[in-house]
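In: Quick check, what structure comes out for this input:
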Amino acid sequence: MNLALIAWKSIRERGLASLLTGLSVALGVMLMVAVLIIHGILQNTFSQRSINYDLIVGPKGSPLQLVLSTVYHVSPPIANLPYQFYLDLKENKRIKVAIPIAMGDTTEQGGFPIVGTVPEFFEVEYAPKRPFMVLDPKGHGFRLPFDAYIGSRVARENNWTIGSKLKLVHGGAETGHVHNEEFEVVGILAPTGTPHDKTVYVNMDGFYQIQGHDKPLDEAITREDEFYRRPKRSPEELAAEIARIEKKFPKHDHSAHAGHEDHNHIHALPAVQKEVTSILLQCQSPIVASLLSADMRRGYQAEAVNPVVPMQQLMNEVLGPVRSLLLVMTSLIVLVSGIGIFVSIYNSMSARRREIAIMRALGAQRQTVLSIVLLESTILCLGGGVLGLLLGHAIVFIARPIVEVRTGLIINPFEFSPYEFILFPVLLVLGILVGFLPGMTAYRTDVAESLSS
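Out: Here you go, the predicted structure:
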């Protein structure tokens, strides 16, 4: 009979105590595994792997708020930029791709964020080597002014499909103003595990046709001059510029009595009356991105932010300490469980003295008895670790649908964190340590005294 089988039989004889001590190890490992998996998901989400742009350009303010607003849609936009600035960046030779973003509205049903953008947005991979996959039966793409693409979560929760109509709400789904214009769903995005799943994208050409999305001319001209740091115009100069623009672009009435009751009409709009919330940039190189960011700080009322930097700061300053605290707590649970194993085996030594003495009398060496006790503690630690590993992934598996519905994150419960593989060497060492003192007690057992008592 091998030593492992003897150790297993000894564990079975103390079935309840062994089960409880092994289960305590399992619970500690379970919590640790769950923490590692969740932190890994957040790390992947708030990293370069979740966005495929070098810079996000927006009004000067909080870089973190700019990234949260543009990428994750969890913070209101800071302000807007002139549309002309987007056109300038688009023509900049140092920039490969410039994508405008316009935000501020939500869907009437469900309150999902509305993002106005251009067709090129879906031609760029949303993350490195991860292109958009779109269900688009009509095949004409995101081209017509009142086209809309919706995320998978939006389609599921609102029960929308190809051909569904949606309206935009300004100021919030419950108390905001519902715009009359309707957009048609022409495409549904495949799940990405990112905020794209809970977002509605509308064609920017249609976005600017909505009442209130075109700024009054006098305000638009003044704000553009301030942005470019031009000299302030006199009232006469401002009036002359307004007259010049209105001659080329006549005033437009959005009301139904103006002869377009369906509201889905198209009218020419000067660039000065358009604004964007932010601009996504892919630069020719990382060095170019750094130089461009520095140039913007000096020359414009704008800033260019590397989206990874503020998110990493958030991870390191907020989520990092929380993860460390949880890992320390779960490590203490595992350590206390190890002490429980030690107490269980040590207390059993007095009851097993005769058994050990008989083994010695039958020829078992001291080292053999020591090895059996060490194997018992090791089996309990490693067995509890395996059970905890399975339970940790099981918890994530059970929580996955709830997390996906509430956050839009796609979770793979079978994805392992590299730190999980360190658990078992640590548990092996723990098993040896907690079994050493009871093993030495067995090692020193006096055969004659134990058999005679």
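In: Could you identify the helix or strand that succeeds the biggest helix by length in the chain?
Out: Ranked by residue count and defined by DSSP state H, the top helix of the chain is helix 366-407. Counting by DSSP states H and E, the element after helix 366-407 in chain order, helix or strand, is helix 420-443.
In: Give the rounded mean pLDDT of that next one.
Out: Mean pLDDT, computed over helix 420-443, is 75.
In: just stretch 243-250 next, same as before
Out: 80.
In: Now do the strands in the chain.
Out: In the chain, the strands defined using DSSP state E lie at 55-59, 81-82, 95-101, 105-107, 114-117, 134-135, 147-150, 165-170, 177-189, 200-203, 275-276, 278-283, 302-305.
In: What pairs with the third one, parallel or antiparallel?
Out: Going back to what we said before, that points to strand 95-101. Its sheet considered, strand 95-101 pairs with strand 278-283 (antiparallel) by DSSP bridges.
In: Same check on the second one?
Out: According to DSSP bridges, strand 81-82 forms sheet pairs with strand 275-276 (antiparallel).
In: Mean confidence (pLDDT) on the strand it pairs with, please.
Out: Mean predicted lDDT for strand 275-276 stands at 91.
In: same deal with stretch 217-234?
Out: The average pLDDT within stretch 217-234 is 86.
In: where does the stretch 101-250 of the chain have low pLDDT?
Out: 171-176 (pLDDT under 70).
In: For it, just list every one of the helices.
Out: Secondary structure of the stretch 101-250 of the chain by DSSP state H, counting those that start in this stretch: the helices cover 152-158, 204-207, 217-227, 235-248.
In: Which positions in the first one come out as buried?
Out: Going back to what we said before, that points to helix 152-158. By neighbour count on 16 or more other C-beta atoms under 10 Å, the buried set for helix 152-158 is 152-156, 158. Where you see a C-beta, it was placed from the backbone N, CA and C, and this is true even at glycine.
In: Likewise for stretch 126-145?
Out: 126-127, 132, 136, 142, 144-145.
In: possible to save those as TSV with distance to residue 271?
Out: Converted to TSV, these look like this (distance: C-beta to C-beta, whole Å):
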residue	distance to residue 271
126	27
127	31
132	27
136	29
142	21
144	21
145	16
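In: Closest one of these to residue 31?
Out: Taking C-beta to C-beta as the measure, residue 31 lies nearest residue 127 of the buried residues of stretch 126-145, at 29.9 Å.
In: what packs against the longest helix of the chain?
Out: Packed against helix 366-407 by the contact rule (3 or more C-beta pairs under 8 Å, 6 or more residues apart in numbering; DSSP states H and E) you find helix 3-13, helix 15-45, helix 152-158, helix 320-348, helix 353-361, helix 420-443.
In: any chance of those helices in CSV, plus distance to residue 387?
Out: Formatted as CSV, those follow (distance: least, C-beta to C-beta, whole Å):
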stretch, distance to residue 387
helix 3-13, 14
helix 15-45, 4
helix 152-158, 34
helix 320-348, 12
helix 353-361, 27
helix 420-443, 11
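In: of all these, which lies closest to residue 211?
Out: Short answer: helix 152-158, nearest of those by C-beta to C-beta, at 23.7 Å.
In: just the CA coordinates of the closest one, formatted as CSV?
Out: Taking C-alpha atoms only, helix 152-158 is exported to CSV below (Å, rounded to 0.1, in the frame of the first residue of the first chain):
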residue,chain,number,x,y,z
SER,A,152,-26.1,43.9,-29.4
ARG,A,153,-27.3,44.8,-25.9
VAL,A,154,-29.5,47.6,-27.3
ALA,A,155,-31.1,45.2,-29.8
ARG,A,156,-31.7,42.6,-27.1
GLU,A,157,-33.2,44.9,-24.4
ASN,A,158,-35.3,47.1,-26.7
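In: elements contacting that helix?
Out: strand 177-189, helix 366-407.
In: Can you list the buried residues in the shortest one?
Out: Counting neighbours by 16+ other C-beta under 10 Å, one finds that the buried residues in strand 177-189 are 179-189.
In: re earlier: any idea which of the helices of the stretch 101-250 of the chain is most buried?
Out: Per residue and on average, the most neighbours among the helices of the stretch 101-250 of the chain fall to helix 204-207, with a mean of 22 (mean count of other C-beta atoms under 10 Å).
In: and residue 138, what is it in contact with?
Out: Shown in contact with residue 138 (C-beta atoms under 8 Å, 6 or more residues apart in numbering): 162, 186.
In: what's the closest non-adjacent residue to residue 378?
Out: residue 431 (3.6 Å; C-beta to C-beta, 6 or more residues apart in numbering).
In: Could you give the number of residues near that neighbour?
Out: Neighbour count of residue 431, defined by other C-beta atoms under 10 Å: 26.
In: The one 5 residues further on too?
Out: Other residues within reach of residue 436 by the criterion other C-beta under 10 Å amount to 16.
In: Roughly how far does it sit from residue 368?
Out: The gap separating residue 436 from residue 368 is 15 Å, by C-beta to C-beta, to the nearest Å.
In: just residue 133 next, same as before
Out: Residue 133 sits 62 Å away from residue 368, going by C-beta to C-beta.
In: before we move on, what about residue 401?
Out: According to C-beta to C-beta, residue 401 stands 51 Å off from residue 368.
In: More neighbours: those two, which one.
Out: Between residue 401 and residue 368, counting by other C-beta under 10 Å, residue 368 is the more crowded of the two (15 against 10).
In: Could you break this protein into its assigned domains?
Out: Domains of the chain are assigned by automatic domain parsing as 3-46+312-452, 50-307.
In: so residue 124 makes contact with residue 51?
Out: No. Here residue 124 lies out of contact with residue 51, judged by C-beta atoms under 8 Å, at a distance of 10.4 Å.
In: More neighbours: which of these two?
Out: Applying other C-beta under 10 Å to residue 124 and residue 51 shows that residue 51 carries more neighbours, namely 23 against 15.
In: could you list every residue that touches that one?
Out: Under the contact definition (C-beta under 8 Å, 6+ apart), the residues listed for residue 51 are 71, 126-127, 307-308.
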